[in-house]
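Novice: Whatever this is, show me its structure:
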Amino acid sequence: MRRVLYLSHPEVRIDPAIPVPDSSLSGLGRARIGAALNRGWPGPGWTILSSPETKARETAALLAAATGDPVGIHAGMAEVDRSSTGYVPHARHEELADALFADPARGPEGWESAAAAQARIVAAYRASLAETPGDLLLVGHGAVGTFLRLHLAGLPIARVHDQPCGGCVWRFTPDMPDQPPTPWQRLEETA
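Specialist: Below you'll find the predicted structure:
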């Protein structure tokens with residue numbers, strides 16, 4: 001039975017001068033991935049597919065270096081396009097994210113809409129399933145990961161279903177589509 005894991009990248013180094021898609025993992029983010037790998041998570045036998053953004057590619061590379069699993073990049077797995085605002089302080093980011101989830105048809109301040117981002121990540125997921133016969137570990141971002149999870153669960157987009165923090169995971173069994181994906185779980189809680 002095929003397995004799908006979705007992992008959102010953990011903490012990043014914040015530098016307002018660097019475009020958001022180019023942000024790198026922080027020391028804490030790298031340490032959290034290292035601790036999960038030291039516990040034996042996720043184990044070998046995955047095809048790892050990553051968002052093209054730096055923080056996701058770095059996360060995927062750490063996993064692949066430890067497991068020996070192959071890594072691919074899928075452009076459709078990128079986070080919500082926020083280039084209209086670029087970096088914004090955390091409190092403002094949270095306000096914009098609230099607005100993104102509250103009105104899925106419209107992106108706040110020029111952001112990509114939640115509906116468009118969901119359609120993109122769902123298409124990337126379907127293509128990845130069709131092209132990869134084995135188990136998939138998708139490495140991406142919180143918002144699009146939530147949008148994909150909600151699509152698979154048959155739920156509307158709502159912020160209440162968003163990940164509690166970066167570096168969270170959900171699981172899904174594509175061969176059992178009537179069984180929804182698991183809720184988001186912190187990386188530290190994975191077995």
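Novice: in the biggest helix by length in the chain, what's buried?
Specialist: Assignment by DSSP state H gives helix 114-131 as the longest helix of the chain. Within helix 114-131, the residues scored as buried using 16 or more other C-beta atoms under 10 Å are 114, 116-118, 120-122, 124-125, 128. Backbone N, C-alpha and C define where each C-beta goes, glycine included.
Novice: Can you give the distance from that helix to the centre of its chain?
Specialist: Its chain's C-alpha centre and that of helix 114-131 lie 12 Å apart, by C-alpha atoms, centre = their mean, to the nearest Å.
Novice: what packs against it?
Specialist: Here helix 114-131 touches strand 135-140, helix 142-153, going by 3 or more C-beta pairs under 8 Å, 6 or more residues apart in numbering; DSSP states H and E.
Novice: which ones are touching the residue nearest to R186 when sequence neighbours are not counted?
Specialist: Nearest residue to R186, sequence neighbours excluded (C-beta to C-beta, 6 or more residues apart in numbering): C168, at 5.6 Å. Each residue near C168 by C-beta atoms under 8 Å, 6 or more residues apart in numbering is listed here: 7-8, 142, 145, 184-187.
Novice: and what of R106?
Specialist: In this structure, R106 makes contact with S113, judged by C-beta under 8 Å, 6+ apart.
Novice: And H141, how far from G134?
Specialist: Using C-beta to C-beta, to the nearest Å, H141 is found at 23 Å from G134.
Novice: no, scratch that, I was asking about E94
Specialist: The gap separating E94 from G134 is 37 Å, by C-beta to C-beta.
Novice: How about H93?
Specialist: For H93 relative to G134 (C-beta to C-beta), the value is 36 Å.
Novice: Those two: which is more packed in?
Specialist: Neighbours were counted for H93 and for G134 using other C-beta atoms under 10 Å; H93 has more, 14 against 10.
Novice: what's the pLDDT at the more buried one?
Specialist: Looking at H93, its pLDDT is 96.
Novice: Same question for P133.
Specialist: P133 is given a pLDDT of 89.
Novice: Just give the number of residues close to it.
Specialist: Look at P133: counted by other C-beta under 10 Å, it has 9 neighbours.
Novice: Using the three-state scheme, assign it.
Specialist: Following DSSP: H, G, I helix; E, B strand; the rest coil, we place P133 in the coil state.
Novice: ok, it to P177 distance?
Specialist: Per C-beta to C-beta, P133 is found 17 Å from P177.
Novice: repeat for W46
Specialist: Applying C-beta to C-beta, the value for W46 to P177 is 20 Å.
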